[in-house]
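Participant: here is the input, now give the coordinates:
(2 chains)
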Amino acid sequence: MKRLLKQPFWQGAIVVAIAYVVFKYLIGYALPIIGVSSAPVPSSVILQYMLTVFVGVLLYMSAEEGRWGTFQKPIKEAMVSRDQKNLRGVLMVVIPIMVGWLAYQNVKPSFAAPATLRSIHPAPPNEITFRGLPIQLTGLENPLHENGSLEEHLQVGKAIYVKNCVPCHGDLLDGAGHFAQVFNPIPADFTNSGTLPMLTESFVFWRIAKGGPGLPQEGTPWDSAMPAWENILDENEIWSVILFLYDQTGFSPRTWHEEGEEGGEEH
Amino acid sequence: MSLEGTGEGSKKMSGLKRGLALFAIGTLIAVPLLAQVAGPDYGEFGIFGMDRRDAVWMAAQLHLLFAAFVLGVPMFAVVIEAIGIFGRQERYDKLAKEFTRLLLVAYSATAIWGAILVFFLSTLYPRFWAYLTAIFAPSMWLYAGMFFLESFTLYLYYYGWDAWKKGVAKKVHWFLGIMLNVWGTIVMFIANGWLTYMMSPPADVTADTAPQTVQLWSAIANATWMPINIHRLLANVVFGGAIVGAYAAYRFLTSESDEERAHYDWMGYTGNFIAIGALIVLPFAGYWLGREIYEFSQQMGITMMGGFMSWLWIIQAFLIGILFLTGNYYLWIGMGRIPGAERFQPYIKWMLLVLVLGVIVWATPNTVIADRDEIAAMGGTHHPFLGVLGVMSAKNTAVNLMILTTFLSFLMYRRANKEPVVSWAKMGTMLQGAAFVVAALVVLFYGIYGYFVSAIIRIGFSVYQVAAVLVTILFVLGIDIAMVRGAKSRGAIRWGQMPDRSQYALLILAVTFTWLMGLMGFARSGIRQHWHVYEVIRDTSEQAFTPALGPAATMISTCVLIFFGLVGMIFWLGGLAEKSVYDDTSAAESGH
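Facilitator: Prediction:
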């Protein structure tokens, strides 16, 4: 065993095997046990990671002449040495079976929908129409910051959220409403730092107003069940619910300019 | 041994090149006039199953690749010639000449593909071409004039190399090299004006603006013009260095003597050094370009970085990961031919670990490709654990640490056979080590802190990270240069004693650079989506849609294959027409 561990070929094989276990099982299944939020890693990502590790191992082994020679030794022996006749026989059976199995896995009929490449942050248009009137999105700020009482806006926003949004986005704003699991993709989780803080309020306004039907052609199909709320809520109601979302989650919206900067271009 | 091709064949070749250059200039002048004639908006094309957009795409891509090469090589050829002149080292002068020799045939190929591009544009997109000529005609005349000057300066520069070898004549020759760069840069800046106008036309130009009323200078000096100019200038050096490295690798692999191998090993190292050196500063120009695109149009910026095109950045990350891994690998193998490098061997595995982890982080997508079951398990296309690696904070941290690691590899390579004799050598090495640690900590600190601040502040952090890395590189290099002055040698570099796989690494670098240029060029051009000129002239042809990644990648790969097919021919011609300059064996023995 000790001798094996000193052999670069087996060292490389062990590194590759450990990496696979980490990517396939440790991240997906062991982390949740210790309370870290995680999920099984999709096969496309595992392939990508494993390819990187595999190339890294090969580069290390071949970066130095002596090591490269020793690394190749077991492979050469398995292929030509008289002593390894049995091993060769086994490999000649096992390798074609493995290749066949992989080929079968890739071509066998499946009922699963194909993997999709979905943009989660589609590019917003510069201008939209809201109930027939044009609204310039670029540079647009939430008008309620300047008008009326924030406390009242938050109350209005809260009432609208509870009435209209909770069934899908959940009472904890975590995208786990009681209808959530029937949708694919599931509703947005506003507590995730990858959603609200990444977006300007005008972007959120556009998404609420236009919903799934208003998503741009780019990156389709979207499969979003989000309704177009402009048919139900007025402009101020949407801005109120946006205030509520940021207030409740504690996130700050992405801004057009750095704080304290008075408009103008950033250079 | 005669080093030059002074025979009949060579004269015929130069005549052919002149003819091709004149042909291209004539085309540039004539076609705008033809395009004024009223006719259909689009012409038909259906050769080899390609449509009109494929035809223009391919011609533009191949023209750009050759143009990048012929603009990049003179930049460092003239610097290497200067090292030869002012450092009184003739081997550098010969190397500069060998670099320049590759330009001649590539120059013809640039002109041919340029002419094909103009023909395709004017016949397949006549309305759009007429629009462009209505705005840019005067700059097209200037372009033709500059092209003419560039061509003749190149011929004088190359063919006058041996005639003007000494004294003032040599300085004049070097000046010609500088002028070659000046003309080439002007040519590129003019053409960049045309293409950046398509991306970011001035704000006062709308769909109703008559092209004759658009001010030429405001059309050229648009929002993305200068960022593209700088980005391309740097990228041309990177690309030129990589292709020269590939040429040297090809000649190394086909060498028949140790002297030849030694020479081409040295040439390959130099090409690779130029490519990787310029690559390190390229991301800054890229950041600037990206920022200007966002400033010009937020929609365009999001399409590029967060929307449909965002996956290209993952592919880019992968390809740049290959560049980092291969560039370091080449240095590590190269250390096998340097006496004294053995002492650095134990560190290689740790540097490789940083690089592999860096590639893994950098190439982790924010939006994962997953099937329905996987999406359901993750609760969306955002992985709950790996998602933290999908954002810019993680990626900037990864790439900056990779740059630091690559610099460390280079430093080890540089120091391998040297033993400093200055009294403060130990202190100097410790200072260098401390600088690396501080830079890594600064990069990590801002990488982690970035998760706790808003996006607009986070973007600024990348500047601190990059600044920490750059300052460290300059500081450490400064110490190193002072420290190894008069250092004891542990033995000469055994040039030529490189395993063949090191040369394949150089070839991989060249192919990867070429691929990257094609991919990112697609991103730059594709973010206009269904516009010929963004929000001014709409593309109303059947090909107005933005191609999906698969067909785009196929097209780019085809262009890369054709390019290398042609470059392979140029390399072969380079060996066929003239003998190499490797005969000076002493040249390649005394280090780099």
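
Participant: okay but A:His169 is in contact with A:Ile186, surely?
Facilitator: No: the criterion here is C-beta atoms under 8 Å, and A:His169 misses it with A:Ile186 at 9.8 Å. Just so you know, the C-beta spots here come from the backbone N, C-alpha and C atoms, and that holds for glycine as well.

Participant: between these two, what contacts are shared?
Facilitator: Common neighbours of A:His169 and A:Ile186, counting by C-beta atoms under 8 Å, 6 or more residues apart in numbering or on different chains, are A:175, A:180.

Participant: measure B:Met520 to B:Leu319 for me?
Facilitator: Distance, B:Met520 to B:Leu319, using C-beta to C-beta, to the nearest Å: 9 Å.

Participant: swap in B:Ser139?
Facilitator: 34 Å.

Participant: please name the nearest non-neighbouring residue to A:Leu5.
Facilitator: Leaving out its chain neighbours, the residue that sits closest to A:Leu5 by C-beta to C-beta, 6 or more residues apart in numbering or on different chains is A:Gln11, at 6.7 Å.

Participant: sorry, back to before: B:Met520 and B:Leu319 - which one has more neighbours?
Facilitator: B:Met520 (20 against 17; other C-beta atoms under 10 Å in any protein chain shown).

Participant: hang on, that one is in a strand, isn't it?
Facilitator: No: assigned with DSSP: H, G, I helix; E, B strand; the rest coil, B:Met520 falls outside any strand and is helix.

Participant: specify the helix with the largest residue count in chain B.
Facilitator: helix B:258-296 (DSSP state H).

Participant: next one: that one to chain centre, how far?
Facilitator: On the basis of C-alpha atoms, centre = their mean, to the nearest Å, helix B:258-296 is displaced by 6 Å from the centre of the chain it belongs to.

Participant: quickly check: it near chain A or not.
Facilitator: Yes: Helix B:258-296 lies within reach of chain A by C-beta under 8 Å from any C-beta of the partner chain, at B:Glu295.

Participant: so after that helix, what's the next helix or strand?
Facilitator: Sequence-wise, the next helix or strand downstream of helix B:258-296 (DSSP states H and E) is helix B:298-305.

Participant: does chain A sit close to that next one?
Facilitator: Yes: counting by C-beta under 8 Å from any C-beta, chain A has neighbours in helix B:298-305: B:298-303.

Participant: per-residue confidence for B:Gly39?
Facilitator: For B:Gly39, the pLDDT comes out at 69.

Participant: out of the residues of helix B:298-305 next to chain A, who has the most neighbours?
Facilitator: Result: B:Thr303 is most packed of the residues of helix B:298-305 next to chain A (other C-beta under 10 Å), 27 neighbours.

Participant: so that one touches A:Pro125, yeah?
Facilitator: No: with contact defined as C-beta under 8 Å, B:Thr303 does not count as touching A:Pro125 (10.9 Å).

Participant: picking that back up, do me a favour and get the backbone dihedrals for the residue nearest to A:Leu5.
Facilitator: phi -60, psi -50 (degrees, to the nearest 10).

Participant: list of residues touching stretch A:225-241?
Facilitator: By C-beta under 8 Å, 6+ apart, stretch A:225-241 touches A:130-131, A:142-144, A:153-154, A:156-157, A:160-161, A:164-165, A:168, A:183, A:187, A:201, A:205, A:207-214.

Participant: buried subset of these as a PyMOL selection?
Facilitator: Buried subset of the contacts of stretch A:225-241, written as a PyMOL selection, criterion 16 or more other C-beta atoms under 10 Å in any protein chain shown:
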select buried, chain A and resi 142+144+153+154+156+157+160+161+164+165+168+187+201+205+207+208+209+210+211+214
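
Participant: let's see which of the contacts of stretch A:225-241 end up in helices.
Facilitator: Short answer: those in helices (DSSP H) are A:153-154, A:156-157, A:160, A:168, A:201, A:205, A:207-210.

Participant: and the furthest pair within those residues?
Facilitator: Using C-beta to C-beta, the two most remote members of the ones in helices among the contacts of stretch A:225-241 are A:Leu154 and A:Lys210, lying 23.8 Å apart.

Participant: you'd agree A:Gly69 is in a strand?
Facilitator: No: with three-state DSSP as the criterion, A:Gly69 is assigned helix and is not in a strand.

Participant: measure it to A:Asp83 for me?
Facilitator: Counting by C-beta to C-beta, the gap from A:Gly69 to A:Asp83 is 19 Å.

Participant: tell me the contacts of B:Met305?
Facilitator: Contacts of B:Met305 (C-beta under 8 Å, 6+ apart): B:290, B:313.

Participant: could you measure it against B:Gln316, distance?
Facilitator: From B:Met305 across to B:Gln316, the span is 11 Å (C-beta to C-beta).

Participant: now swap in A:Pro124 and tell me
Facilitator: Distance from A:Pro124 to B:Gln316, by C-beta to C-beta: 24 Å.

Participant: again with B:Gln529
Facilitator: Distance, B:Gln529 to B:Gln316, by C-beta to C-beta: 19 Å.

Participant: over to B:Thr213?
Facilitator: When distance is defined by C-beta to C-beta, B:Thr213 is 39 Å away from B:Gln316.

Participant: who's more crowded, these two?
Facilitator: Here B:Thr213 and B:Gln316 are compared on neighbour count by other C-beta under 10 Å; more neighbours surround B:Gln316, at 18 against 10.

Participant: residues in contact with that one?
Facilitator: B:Gln316 makes contact with B:516, B:519-520 under the criterion C-beta under 8 Å, 6+ apart.

Participant: grab the CA positions of stretch A:170-178 and hand them over as PDB.
Facilitator: C-alpha atoms of stretch A:170-178 as PDB (Å, rounded to 0.1, in the frame of the first residue of the first chain):
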ATOM      1  CA  GLY A 170     -44.200  32.500   0.800                       C
ATOM      2  CA  ASP A 171     -44.800  34.300   4.100                       C
ATOM      3  CA  LEU A 172     -41.100  34.300   4.800                       C
ATOM      4  CA  LEU A 173     -40.300  35.700   1.300                       C
ATOM      5  CA  ASP A 174     -38.200  32.700   0.700                       C
ATOM      6  CA  GLY A 175     -39.900  31.500  -2.500                       C
ATOM      7  CA  ALA A 176     -41.500  28.600  -0.500                       C
ATOM      8  CA  GLY A 177     -45.200  29.500  -0.700                       C
ATOM      9  CA  HIS A 178     -47.700  26.700  -0.600                       C
END
